[in-house]
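Undergrad: Build the 3D model from these lines:
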Amino acid sequence: MPVICAQTDSDILECWPVMVQLRPHLTRETFVAAVRKQFAEGYRLAFIRREEGVVAVAGFRVTHNLVWGRFCYVDDLVTDEKTRSLGCGAELLQWLCEFARSESCTRLELDSGVQRFAAHRFYLKHHMFISCHHFSLEL
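TA: Below is the predicted model:
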């Protein structure tokens, strides 16, 4: 099945049950509006749908900065817990790389919470490397 880029509110809402597994603070009632707001800032939402529904979701954007030039930043990458280890995450990650290359990006970047050990194993298995520490400060 192909990777689909969400266009409609229905597409976006269909991604919510998977996205909330990564972002549990999100509510179904506010999800579409939050994604639409991000769309206005360059965010895109891609997903894989199987017979049972959406099984993997990625939120990403193409941007520039001084250190990496033009790159694709993956805000969100999650596979439904019921279908993990079946290749859907790998398929979506491969699609993201192909998309980034088609957009003349030289890198694919993402941050992953320090507690997400299974995700880290997945990224390392797919030839990603830990390139920096990310620091934050709540204001």
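Undergrad: the helices in the chain, which residues?
TA: 9-22, 28-39, 88-102, 117-125 (DSSP state H).
Undergrad: Lowest average pLDDT across those?
TA: Comparing mean pLDDT across the helices of the chain, the lowest value falls on helix 117-125: a mean of 85.
Undergrad: Now it - C-alpha only, CSV.
TA: Extracted in CSV, the C-alpha atoms of helix 117-125 (Å, rounded to 0.1, in the frame of the first residue of the first chain):
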residue,chain,number,x,y,z
PHE,A,117,14.7,2.7,23.7
ALA,A,118,12.8,0.6,21.1
ALA,A,119,12.6,3.6,18.8
HIS,A,120,16.3,4.2,19.2
ARG,A,121,17.0,0.6,18.2
PHE,A,122,14.8,1.1,15.2
TYR,A,123,16.6,4.3,14.1
LEU,A,124,20.1,2.7,14.6
LYS,A,125,19.0,-0.4,12.7
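Undergrad: Between helix 88-102 and that helix, find me the angle.
TA: Inter-element angle recorded for helix 117-125 and helix 88-102: 50 degrees (by axes from the mean of the first three to the mean of the last three C-alpha atoms, to 10 degrees).
Undergrad: Give me the residues contacting helix 117-125.
TA: 84, 89-90, 110, 112-113, 130 (C-beta atoms under 8 Å, 6 or more residues apart in numbering). In this view, the C-beta of every residue, glycine as well, is placed from N, C-alpha and C.
Undergrad: Would you point out which residue is most central in this structure?
TA: With distances taken as C-alpha atoms, centre = their mean, Ala58 lies nearest the centre of the chain, 2.6 Å away.
Undergrad: check contacts around that one.
TA: So, once contact is read as C-beta under 8 Å, 6+ apart, Ala58 ends up touching 45-47, 74, 76-78, 92-93, 96.
Undergrad: Closest one to Gly53 out of the residues you listed, please.
TA: Minimum distance to Gly53 across these is 9.7 Å, recorded for Phe47 (C-beta to C-beta).
Undergrad: okay if I get the helices of the chain as a markdown table plus distance to Glu51 and mean neighbour count?
TA: Below are the helices of the chain laid out as a markdown table (distance: least, C-beta to C-beta, whole Å; neighbours: other C-beta atoms under 10 Å):
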| stretch | distance to Glu51 | mean neighbour count |
| --- | --- | --- |
| helix 9-22 | 14 | 18 |
| helix 28-39 | 22 | 14 |
| helix 88-102 | 13 | 17 |
| helix 117-125 | 24 | 13 |
